[in-house]
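Enquirer: Prediction below, plus the sequence it came from.
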Amino acid sequence: MSFRLYRTSAASFVQTADGFHKLSPSFQIDALFASDHPVSLLADFVAKAERISGLDANVPLLAPMGSQEIWAAGVTYLRSRTARMEESKVAGGDSFYDKVYHAVRPELFFKATPHRVAAPGTPVRIRGDSRWNVPEPEVTLALTSHGRIFGYTVGNDMSSRDIEGENPLYLPQAKVYDRSAAIGPSLLVTADELPKETRIEIDIRRGAASVFSGHTTISQIKRSFTELAEFLFRDNTFPVGCFLMTGTGIVPGDSFTLNSGDEIRITIAPIGTLMNPVG
Ligand code: DO4
Ligand code: MG
């Protein structure tokens, strides 16, 4: 059983194999994260929902979240380890990335509160004091307050490579600022795991041209999603659950930086395409 959950300011909607459903106003996305049975909770709302022909393309989507924090894992793919070792070599930070890639304990960091998150179609930002920036396309887990994975969305962990590369202790500034994260377009609520061959794809457009594209698959990740979730919930409580970005396996070459006006499209087919311009 799989549901694509969408939010707008008017209502929440669910897409299933048999079409679109408008949920009753009593549906609260936070209730899914607090539930022990989020998939059946949503199925009950869908059973009572009004059938509709589709989503109104003129009504903007909101990020598919309630009051959750977004956390992130890092250096979970070889490509991220290698790119970060290169960017931090001059500062002497390279060995930290190599060590964390192999260590038992993963890198986990705080990423965003809801007010820092860009909705689908709205701009993500580049920091004013940074000159080297990339999007990071990441499978993002939805975790209940008990740490159980019940859904997936597409995440963009915007990153300032020059700030992080100057000193790994600057990571929070490289990662956390207004509109430094985007998630969406839907939250895939499902009892099934995402298949290992699921592709994560990115295309960055500048005007009519594609200036970077890349792809990877979940099979390339070093750690399991449950391992990442288990570490995040150690001595850390999340009363309304949380999101966890699982790390990037795609990093453009060192000569690439985002420009204002670029359009970032990240696709994970079972969830959809998250598009954000760069503001
Ligand atoms: O080590 C810094 C952050 C890593 C990260 O965000 C990633 O690998 O996706
Ligand atoms: Mg990342």
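Expert: Yep, that arrived. Ligands and ions are numbered 1, 2, ... in the order given.

Enquirer: contacts, neighbours, all on C-alpha from now
Expert: Noted.

Enquirer: Can you tell me which helices and strands the host helix or strand of F96 packs against?
Expert: Using DSSP states H and E, F96 falls within helix 94-102. With contacts defined as 3 or more C-alpha pairs under 8 Å, 6 or more residues apart in numbering; DSSP states H and E, helix 94-102 has these neighbours: helix 78-87.

Enquirer: The helix it packs on and ligand 1 in contact?
Expert: Yes - for helix 78-87, a contact with ligand 1 is found by C-alpha under 6 Å from any ligand atom, at S80.

Enquirer: Now do that helix against helix 94-102, angle only.
Expert: Relative orientation of helix 78-87 versus helix 94-102 (axes from the mean of the first three to the mean of the last three C-alpha atoms, to 10 degrees): 170 degrees.

Enquirer: what's next to helix 78-87, contact-wise?
Expert: Contacts with helix 78-87, where a contact means C-alpha atoms under 8 Å, 6 or more residues apart in numbering, come from 74-75, 93-95, 97-98, 101, 161-162, 165, 220-222, 247-251.

Enquirer: Run through the residues you listed and flag the ones next to ligand 1.
Expert: Contacts with ligand 1 within the contacts of helix 78-87, counted by C-alpha under 6 Å from any ligand atom: 74-75, 247-248.

Enquirer: Reformat those as CSV; add distance to T16, neighbour count and secondary structure.
Expert: Shown next, in CSV, are the ones next to ligand 1 among the contacts of helix 78-87 (distance: C-alpha to C-alpha, whole Å; neighbours: other C-alpha atoms under 10 Å; DSSP: H, G, I helix; E, B strand; the rest coil):
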residue, distance to T16, neighbour count, secondary structure
G74, 32, 19, strand
V75, 34, 27, coil
G247, 28, 24, coil
T248, 28, 27, coil
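
Enquirer: Any buried residues in the helix holding F96, and which?
Expert: Neighbour counts over helix 94-102 (16 or more other C-alpha atoms under 10 Å) mark 94, 97-98, 100-101 as buried.

Enquirer: Among these, which one lies nearest to V134?
Expert: Nearest to V134 among these is Y97, at 17.9 Å by C-alpha to C-alpha.

Enquirer: Can you give me the neighbour number for G66?
Expert: 17 (other C-alpha atoms under 10 Å).

Enquirer: all strands for the stretch 51-200 of the chain, in order.
Expert: Along the stretch 51-200 of the chain, counting by DSSP state E, counting those that start in this stretch, strands occupy 69-74, 107-112, 117-118, 133-134, 137-143, 149-157, 159-160, 181-190, 199-206.

Enquirer: Name the nearest residue to the residue nearest in space to the middle of the chain, ignoring sequence neighbours.
Expert: Centroid-nearest residue in the chain, with C-alpha atoms, centre = their mean: G155, separated by 1.8 Å. Closest residue in space to G155, ignoring its immediate chain neighbours: I183 at 4.5 Å, by C-alpha to C-alpha, 6 or more residues apart in numbering.
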